[in-house]
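Novice: below are the sequence and a predicted model for it; my questions follow.
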Amino acid sequence: DRKSERVCFVPGLPVGNGNSMGQQSCDTSRKTGQRGRGGCVGPVRMLEPGILSINGAELEEDTQNVYLSCNWAPVKREFILCELRGKEYGKIPDDFPSGMYLRNGPNPLRDPDNKYGWFDGSGMIHSVRFQVDDDGVHRAYYTNRFIKTGFIKIADLLQRPPVNITVQKGIRGLMNVLYNLLRVVRFDAQEYRYDNYALLGTANTAVSYFPLNDGNGKRDAVLALYDSDAPYEIKLTKARDPIIQHTLGTGTYNPYGLDHPMTPHPRYSPQTKEMISFGVGMDFPRLKNKSTPVLFINGEGKIYRTTDVKTRTSVYQHDFAITKNFVVMQDNPNTIDPFRMMFKPFNGTPISWDNRKRTSFVLLPRTSPDDVKKSEGAKILHGDEALVDKTKEFFLPEGEECFIFHYANGWEEDDKIVFYGTHHAKLNLVRFNSRYPPPKDLLPKFYRFELDLTTGTASKQLVFGSEDALVTKLPDNVDCPIDDLVVDFCNASFEKSGEKSDFLYMCYTKAVEDISELITPDDVNKGWSLGFWQGVLKLNTTTHEVEAITYPPLMNGGEAIFQPKVNAQSEDDGYLISHVTALEPVDGAEAEYKSYIALMDAKNMSNTKSTDGEFPDGFLYCSQLPGRVPWGLHGLFLSDEFMCDESDLPEEYME
């Protein structure tokens with residue numbers, strides 16, 4: 001890409017000696033060279049100040065696929081280290097920690113010819129770096145970068161994205177996959193394949209911290225993740241630029257012997273400093289054995305335990321939960337069988353819903369990193385602490401089948417396992433991924449689940465609903481009938497992972513039932529939704545009281561993650577971080593999407609009143625970004641300790 005005449009690095013950024021390259025920084029920022037901060041390395045080819053244009057990222061403007069239009073449309077430029085100098089509300093709180101917020105999401109590099117589902121796009125990281133500069137002022141800087149996966153390199157080579165097998169149907173879909181494989185071989189694309197899953201892996205779903213040890217000592221790593229691929233490492237430099245490179249699958253994880261993908265939602269245990277993860281492989285041995293590998297990584301970055309969790313059939317799992325003594329997996333009707341594409345030649349899909357199958361949860365005992373042969377969880381489940389790999393299954397009542405896409409958190413209460421998550425009564429990934437709006441019966445509700453360790457049974461309880469629910473009335477600022485409420489992207493304070501959370505946070509919206517309900521740039525009075533989340537809810541898990549932040553009518557937001565403030569005094573003493581996008585009218589022209597980074601008051605959501613009618617109550621800081629941020633998926637906030645020196649950058653970047 002960097003040999004292309006259409007690619008440039010940002011001018012105006014300081015190099016190691018404090019001198020600036022080029023004449024000015026991006027048009028939304030000050031001259032960064034004046035403060036002498038260390039920065040970029042490498043040659044500069046100037047096109048537009050502060051913008052890196054990716055060769056081949058131009059997509060057809062008249063596409064009819066909704067996931068290639070509105071605010072799902074991919075962006076065509078990469079911005080590097082642009083100081084936020086646009087429209088601004090409030091200020092960055094003094095007790096907001098220095099660090100970087102990163103959010104992942106799909107952004108196709110090549111035109112997919114309308115044959116595109118939202119989960120199919122190449123991963124792009126949008127980051128906002130918060131820091132106190134040398135002059136004592138708290139500032140924010142924006143960068144967005146493609147993740148250089150095997151998928152994106154093959155897409156560039158073939159001039160179109162590879163086919164995603166998970167959304168293909170029948171014999172025709174199978175032929176599409178085989179045709180793409182032949183094209184890869186024909187164009188000698190094997191050199192771009194870093195692992196066995198390169199044709200499937202877009203690394204577009206999430207970003208996670210991971211302790212890693214490749215034999216040269218432990219290091220803190222940041223990984224971009226996707227269900228059907230190995231992880232990709234992201235280097236975060238002290239120059240505030242996420243340099244995105246592929247390392248895992250070639251040199252870092254192979255010594256651990258991993259031969260499977262990794263979930264986008266690994267779980268970190270702050271009490272034991274370990275990371276727990278799993279992978280859903282579509283390889284024949286695991287499909288035959290109906291098993292899901294689970295791995296445990298200690299605080300030194302070494303895998304100290306691996307085990308396979310057996311299920312009744314091969315199932316798709318996206319997320320899971322942990323408690324003090326257990327790992328909670330699900331065995332659900334969302335089954336995996338690639339042979340369906342042959343046996344059902346017109347509509348068979350590799351992942352589909354089996355109406356005959358009941359839903360259950362599988363408990364796997366956790367062990368200590370210091371002793372993998374004994375487990376308190378095994379003693380609780382089986383009366384023998386040595387049965388560390390023996391699981392126990394808890395069935396929901398017949399007729400209550402479901403799939404949990406995301407877990408907020410889980411913990412142990414007396415003789416019960418409790419967890420909250422987004423509940424799908426049925427899930428068809430092909431329809432969910434490729435059709436907008438998804439059918440109403442596929443949209444998620446929020447539920448509380450219990451596993452009774454005494455009786456061996458599982459139960460569930462609707463959280464938001466007019467009848468038989470824990471919450472039957474929403475706050476006055478939520479303009480949505482409670483039975484139409486759609487909830488997802490739930491999370492809790494990471495410091496409470498595996499322990500009881502007093503507070504959970506989640507995004508909400510009202511179900512969009514027809515595409516005509518979307519507000520479009522050519523008519524802001526048409527429809528009522530921008531297509532994504534209308535606000536954020538905060539749930540007290542003890543009292544079931546609810547607070548809400550609701551965005552204005554022409555603004556929607558993405559996932560809102562909780563970040564404790566410096567020296568937090570309580571569990572909810574912190575901020576919610578999210579990207580929000582508004583459709584702003586322009587005199588004499590179509591309205592334009594404008595994206596912002598927002599910091600919201602997590603502790604006093606209802607009492608923090610806005611002093612500006614353009615931004616809602618609960619907002620403490622909101623600053624316009626230099627470019628649009630498409631609707632995306634998951635992110636996290638990382639403190640300064642995860643930043644590396646420029647000397648640690650890969651050689652190919654230095655060149």
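Specialist: Sure, I can see it. Residues are numbered from 1 along each chain as shown.

Novice: correct me if wrong: Met100 contacts Ile125.
Specialist: No: Met100 lies out of contact with Ile125 (Cβ atoms under 8 Å); the separation is 9.9 Å. Quick note: C-beta positions are derived from backbone N, CA and C, even for glycine.

Novice: ranges for the helices of the stretch 251-400 of the chain?
Specialist: 284-289, 340-343, 376-382 (DSSP state H, counting those that start in this stretch).

Novice: actually the chain, sorry about that
Specialist: 150-158, 170-186, 284-289, 340-343, 376-382, 429-434, 651-654 (DSSP state H).

Novice: what's the most buried one of these?
Specialist: helix 150-158 (a mean of 23; mean count of other Cβ atoms under 10 Å).

Novice: what about that helix, average pLDDT?
Specialist: Helix 150-158 shows a mean pLDDT of 72.

Novice: just stretch 597-616 next, same as before
Specialist: Taken as a whole, stretch 597-616 has a mean pLDDT of 84.

Novice: do stretch 319-330 as well
Specialist: Summarised as a single mean, pLDDT over stretch 319-330 is 97.

Novice: list the contacts for Thr422?
Specialist: 404-406, 444-447, 487-488, 490, 506 (Cβ atoms under 8 Å, 6 or more residues apart in numbering).

Novice: just the buried ones from those, in ChimeraX syntax?
Specialist: Buried subset of those, written as a ChimeraX selection, criterion 16 or more other Cβ atoms under 10 Å:
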select :404,405,406,444,445,446,447,487,488,490,506
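
Novice: among the contacts of Thr422, which are in strands?
Specialist: Per DSSP state E, strands hold the following members of those: 404-406, 445-447, 487-488, 490, 506.

Novice: how far does stretch 332-351 stretch from start to finish?
Specialist: Start-to-end span of stretch 332-351 (Cα to Cα, to the nearest Å) is 12 Å.

Novice: buried residues in that stretch, which are they?
Specialist: Applying 16+ other Cβ under 10 Å to stretch 332-351 flags 332-338, 340-341, 348-351 as buried.

Novice: most widely separated two among those residues?
Specialist: Distance extremes for those: the farthest pair is Asn332 and Met341 at 20.8 Å, using Cβ to Cβ.

Novice: and the gap between Ala140 and Lys374?
Specialist: From Ala140 over to Lys374 the distance is 48 Å, taken as Cβ to Cβ, to the nearest Å.

Novice: so which of those two has more stuff around it?
Specialist: Ranked by neighbour count (other Cβ atoms under 10 Å), Ala140 and Lys374 place Ala140 first, with 23 against 16.

Novice: in TSV: the ones in strands among the contacts of Thr422, plus pLDDT and distance to Asp601.
Specialist: Listed next are the ones in strands among the contacts of Thr422 as TSV, based on pLDDT from 0 to 100; distance: Cβ to Cβ, whole Å:
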residue	pLDDT	distance to Asp601
Ile404	97	29
Phe405	96	28
His406	97	24
Lys445	97	27
Phe446	98	22
Tyr447	98	27
Val487	97	21
Asp488	97	22
Cys490	98	19
Met506	98	17
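
Novice: need those in CSV (columns: distance to Glu393).
Specialist: Formatted as CSV, these follow (distance: Cβ to Cβ, whole Å):
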residue, distance to Glu393
Ile404, 15
Phe405, 21
His406, 22
Lys445, 24
Phe446, 24
Tyr447, 19
Val487, 27
Asp488, 26
Cys490, 25
Met506, 28
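
Novice: and the helices of the stretch 251-400 of the chain as CSV, adding mean pLDDT and distance to Val566?
Specialist: Shown next, in CSV, are those (pLDDT from 0 to 100; distance: least, Cβ to Cβ, whole Å):
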stretch, mean pLDDT, distance to Val566
helix 284-289, 81, 44
helix 340-343, 79, 52
helix 376-382, 96, 35
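
Novice: for Asn428, phi and psi?
Specialist: phi -110, psi 100 (degrees, to the nearest 10).

Novice: what's around the closest residue to Phe532 other than its chain neighbours, how many residues?
Specialist: Nearest non-adjacent residue to Phe532, counting by Cβ to Cβ, 6 or more residues apart in numbering: Asn556, 4.1 Å away. Neighbour count for Asn556, taken as other Cβ under 10 Å: 24.
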